[in-house]
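Engineer: Here is the input, now give the coordinates:
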Amino acid sequence: MTQNRYSRQILFDGIGQKGQQKINRKAVLIVGMGALGTHLAEGLVRAGIGTLYIVDRDYIEYSNLQRQTLFNERDAERQVPKVIAAQKALQAIRRDVVITAFVEHVDGTFLEQYVPQVDLILDATDNFETRMMINDAAYAHGKPWIYGGVVRSTYVEAPFIPGQTPCFQCLIPQIPAMNLTCDTVGVIQPAVTMTTSLQLRDALKVLTDTSVMPKLTYGDLWDGTHQTFGFGRMQREACSTCGKHPEYPYLQQRPTNYASLCGRDTVQYQHEGLTYEQLEAYLKSCHMAYHTNGYLLQFEYKGHRIVAFQNGRLLIHGMREVQQAKKLIHQLFG
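Structural biologist: You can find the predicted model right below:
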């Protein structure tokens, strides 16, 4: 593939020919393929990244199309898994990029397997627990990662470089509260692009081996406020992730079968050993109607829409409480 497509990027003295060659050789893991993830993936592919790993547990809905730029109405109509549609769109932008897509729920086991294979991790998640696992995995394996958060019209971003900067856990008391979600209070597209612009800026610095300052950036695009502060001196010796005696506690947590998805009125259930084929056969034997698009299977039970993926993972919609989900699953499968 001709380097002419990157000519304007090469002309930028912060990158140049050598920087472009480094970008072409690097691998990045993006955790989450929603608003932030789609912007980040497209930006990296257009910038010339060599290898991309993308992971997301969800599928496309019409409410995603307002801000998740790699998807279209046909994807939402077919309820295609986000990473599958993203991979197709990204390969249409650049045929030579190597993309591996995972329709999975990210846990410590996943991160332990794939973090060592990449040069950078980009956070495009929407929950605190996954970020803490990313933080642990990044520092355990000496890999930089870049935090990003967006909700309503606010944005927040910070780069974390093991061995050079304090970790996310050290910074938590100073990070503006981002415990709301776009599913509960909304989000506007300009706030998404502001967040990912900052993340991509730092990503390009990391990928070209350019020094990255330990700074957190926070603002509200609607109100016009924008703040930046350094956190280079905030490392805690007792920190369980980047302190003198790291234990990486979030990587040690055992995964649970049930999880409530914040703001989604949805509970996720991991049915150990249940295959796609077994579930389809079971529904047929019970004369229960269902439909499938080849990636996921959807059916209704007791007024709840249930979406099943090929690895035994189910999303139970219209439900918030884990105990309710356990009762429903017991009634369904016995």
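Engineer: Look at Gly294 and tell me its secondary structure.
Structural biologist: coil (DSSP: H, G, I helix; E, B strand; the rest coil).
Engineer: Could you check how far the nearest residue to Ala137 once chain neighbours are set aside is from Thr225?
Structural biologist: Computed as Cβ to Cβ, 6 or more residues apart in numbering, the closest residue to Ala137 that is not its neighbour in sequence is Leu111, at 3.9 Å. Glycine gets a C-beta too; all of them are placed from N, C-alpha and C. Leu111 sits 34 Å away from Thr225, going by Cβ to Cβ, to the nearest Å.
Engineer: More neighbours: the two, which one.
Structural biologist: More crowded of Leu111 and Thr225, by other Cβ atoms under 10 Å: Leu111, with 25 against 11.
Engineer: Work out the gap between the helix or strand that contains that one and the centre of the chain.
Structural biologist: Leu111 is part of helix 108-114, with elements assigned from DSSP states H and E. Put simply, helix 108-114 sits 14 Å off its chain's centre (Cα atoms, centre = their mean, to the nearest Å).
Engineer: So which bits of it are buried?
Structural biologist: Residues of helix 108-114 classed as buried by neighbour count (16 or more other Cβ atoms under 10 Å): Gly108, Phe110, Leu111, Glu112, Tyr114.
Engineer: follow-up on the earlier one: any idea of the pLDDT on the residue nearest to Ala137?
Structural biologist: pLDDT for Leu111: 97.
Engineer: wait, isn't it in contact with Asn135?
Structural biologist: No: taking contacts as Cβ atoms under 8 Å, Leu111 lies outside contact range of Asn135: 10.1 Å.
Engineer: sorry, back to before: now the buried residues of helix 108-114 in a markdown table, with distance to Val192?
Structural biologist: What follows is these, written out as a markdown table (distance: Cβ to Cβ, whole Å):
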| residue | distance to Val192 |
| --- | --- |
| Gly108 | 28 |
| Phe110 | 25 |
| Leu111 | 24 |
| Glu112 | 30 |
| Tyr114 | 25 |
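Engineer: which one of the residues you listed sits closest to Ser7?
Structural biologist: The closest of these to Ser7 turns out to be Tyr114 (Cβ to Cβ; 32.4 Å).
Engineer: Identify the residues contacting that closest one.
Structural biologist: Residues near Tyr114 by Cβ atoms under 8 Å, 6 or more residues apart in numbering: Leu29, Tyr53.
Engineer: If we go by neighbour counts, what in stretch 25-37 is buried?
Structural biologist: Quick answer for stretch 25-37 (16+ other Cβ under 10 Å): Lys26, Ala27, Val28, Leu29, Ile30, Val31, Gly32, Met33, Gly34, Ala35, Leu36, Gly37.
Engineer: those strands in the stretch 151-300 of the chain, which residues are they?
Structural biologist: 154-160, 215-220, 225-230, 258-261, 266-270, 290-292, 296-301 (DSSP state E, counting those that start in this stretch).
Engineer: Would you check how far apart Ala35 and Asp96 are?
Structural biologist: 26 Å.
Engineer: ok, now how distant is the residue nearest to His304 when sequence neighbours are not counted from Ser260?
Structural biologist: The shortest distance from His304 to any non-neighbouring residue, by Cβ to Cβ, 6+ apart, is to Gly318 (4.9 Å). For Gly318, the distance to Ser260 equals 13 Å [Cβ to Cβ].
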